[in-house]
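J.: got a sequence here, can you model it:
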Amino acid sequence: MKCFYHPEHDAVAMCKSCSRGLCFECAADVPPGVACRGKCEADVAALDLVIQRSKTAYQKAGAAHRRNALGMLIMGLLFVGFGSLLLILSPDSSGILFVLLGCVILLWAFFSHRSGRQISEVDYRSDAGASPTGGPARPVGNSAVTEGPPSVS
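T.: Numbers count the residues shown, from 1 in each chain. Next comes the predicted model:
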């Protein structure tokens, strides 16, 4: 593969943003990848930032579900307690509505907590090694610029 900008030079890396072959002069090391010097460096840095943020998205969403479940648990217990108190103090049917509503909220809290636990357990790297076609992944390019051209044995 030849450099996109200097066709007379061999490519030593591929840009993480535009996937063009790059020679030593054109390649800029933007950890953990390589970018076109002066053209794609900002795009690669932004792409890496998005990837880093997305790695914790499942854990954050799961934690939010579990926090909401705790709030719903407290609310459900309050409704059940208030409804039970109404049933004890006055035997008419006004407390039954609060008890039933409290039970629904408690059930909702249970399923929300369970969903949060399942979301947190998702392995975001489970498809990291697969290619879009479903076969084994193939390397796209070097993750960093090498020190020199490969030696021929």
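
J.: the residue most central in space within the chain and S17, how far apart?
T.: Centroid check for the chain by Cα atoms, centre = their mean gives S54 as the closest residue, at 3.1 Å. In this structure, S54 and S17 are 17 Å apart, going by Cβ to Cβ, to the nearest Å. All C-beta atoms are positioned from the backbone trio N, CA, C, and that covers glycine.

J.: neighbours of G62, how many?
T.: Using other Cβ atoms under 10 Å, the number of residues around G62 comes to 19.

J.: what sits against L73?
T.: For L73, the contacting residues are L106, A109, H113, by Cβ atoms under 8 Å, 6 or more residues apart in numbering.

J.: and it, what pLDDT?
T.: For L73, the pLDDT comes out at 96.

J.: ok now the strand or helix carrying it, how far from the chain's centre?
T.: Assessed by DSSP states H and E, L73 sits inside helix 57-89. In terms of Cα atoms, centre = their mean, to the nearest Å, the centre of helix 57-89 is found 27 Å from the chain centre.

J.: stretch 35-55 now?
T.: That offset, for stretch 35-55, works out to 16 Å (Cα atoms, centre = their mean).

J.: alpha carbons of that stretch, in CSV - could you do that?
T.: Output in CSV follows, covering the C-alpha atoms of stretch 35-55 (Å, rounded to 0.1, in the frame of the first residue of the first chain):
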residue,chain,number,x,y,z
ALA,A,35,-4.2,10.3,11.8
CYS,A,36,-3.4,12.3,8.8
ARG,A,37,-1.0,15.1,10.0
GLY,A,38,-2.8,18.4,10.1
LYS,A,39,-6.0,17.0,8.6
CYS,A,40,-7.7,14.3,10.7
GLU,A,41,-6.0,14.7,14.1
ALA,A,42,-8.9,16.5,15.7
ASP,A,43,-11.4,13.9,14.2
VAL,A,44,-9.4,11.0,15.6
ALA,A,45,-9.1,12.6,19.1
ALA,A,46,-12.9,13.3,19.1
LEU,A,47,-13.6,9.7,17.9
ASP,A,48,-11.4,8.3,20.7
LEU,A,49,-13.2,10.5,23.3
VAL,A,50,-16.6,9.1,22.1
ILE,A,51,-15.3,5.6,22.3
GLN,A,52,-14.0,6.1,25.9
ARG,A,53,-17.3,7.6,27.0
SER,A,54,-19.4,4.9,25.5
LYS,A,55,-17.4,2.2,27.4
